[in-house]
Structure formats: structure tokens, C-alpha cells
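heads up, no residue letters with this:
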């Protein structure tokens, strides 16, 4: 668990399907971070009672992994536990805020 004096964090548990995965090596290639886009589906009925489906994708990143750690691949179902974070940066003179999930734990779902 992360320490946060203000307790102003959003804890996330998410079950979905990997639709994109990527590995970035850093720290003289001894550490990795894994980036994923995880898609979830929501079934609902429209105003006429017809079954419909909405899809949502979330960026999720896992930091500090050992070199050549296992990477979940497109199509795999996973369960993620982590925290909602915001990455802020300047782009062409304007601030961009990118929301993502910082992964504490990621597992296969059977």
C-alpha cells in the first residue's frame, strides 16, 4: 500500500481484457515498466429495451519490474489492483492531464 497523508487517493480494482501492451526499459535496462490498455464491457438496455454494449478502455502502468518480466498480451483477461493517477505534462505550450492506473498487482483471470 502507498502512504498518503491526505488519503486523497482512488483505489481501483478492474477486470478486463488487454487490448494493447508495451515494455519500456530504463535504469540502464535493468528495470522495466509495462504499459497496458485494458478494455471492459458494460451491457445495458436502451430506452426501447434492446440489449446494448458499451466498451471502455483504461491505460494502466506497472513500474519497477525486473528485466524480462512477464508481459500480459493482447486478448488475455486480467485483474488489476492499483491507484488512479494523473500524468501532467506540457504539449505545445498547453498542459495535458493523462489519467492512468498505477498497477500494484496484475493477475490472470480464468
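Sure, I can see it. Remember, it's a predicted structure, so these values are computed and weren't measured experimentally. Residues are numbered from 1 along each chain as shown.

roughly how far is the helix or strand where residue 106 lies from the heart of the chain?
Per DSSP states H and E, residue 106 falls inside strand 94-108. Relative to its chain's centre, strand 94-108 lies at 5 Å (CA atoms, centre = their mean, to the nearest Å).

What is it packed up against?
strand 31-45, strand 51-66, strand 77-91 (3 or more CB pairs under 8 Å, 6 or more residues apart in numbering; DSSP states H and E). From N, CA and C alone the C-beta is placed, and that goes for glycine too.

State the mean pLDDT of it.
The pLDDT scores in strand 94-108 average 95.

Return the most buried member of the helices and strands packed on strand 94-108.
Mean neighbour count (mean count of other CB atoms under 10 Å) peaks for strand 31-45 among the helices and strands packed on strand 94-108, with a mean of 15.

I'd like to check what contacts it. Which residues are they?
Outside strand 31-45, the residues that touch it by CB atoms under 8 Å, 6 or more residues apart in numbering are 14-26, 51-69, 71-72, 78, 80, 101, 103, 106.

pLDDT averaged over that strand, what's the number?
Rounded mean pLDDT across strand 31-45 is 96.

Just checking: what are the partner strands of that strand?
Sheet pairing for strand 31-45, assigned by DSSP bridges, gives strand 11-26 (antiparallel), strand 51-66 (antiparallel).

could you give the angle of that strand to strand 77-91?
Counting by axes from the mean of the first three to the mean of the last three CA atoms, to 10 degrees, strand 31-45 lies at 110 degrees to strand 77-91.

Next, the angle strand 94-108 makes with strand 31-45.
Between strand 31-45 and strand 94-108, the angle comes out at 90 degrees (the same axes, to 10 degrees).

What distance do you get for residue 17 to residue 47?
28 Å (CB to CB, to the nearest Å).

do residue 19 as well
Per CB to CB, residue 19 is found 29 Å from residue 47.

Assign a three-state SS to the residue lying farthest from the centre of the chain, would you?
The centre of the chain is farthest from one residue, residue 48, which by CA atoms, centre = their mean lies 33.9 Å away. State at residue 48, reduced to three classes by DSSP: H, G, I helix; E, B strand; the rest coil: coil.
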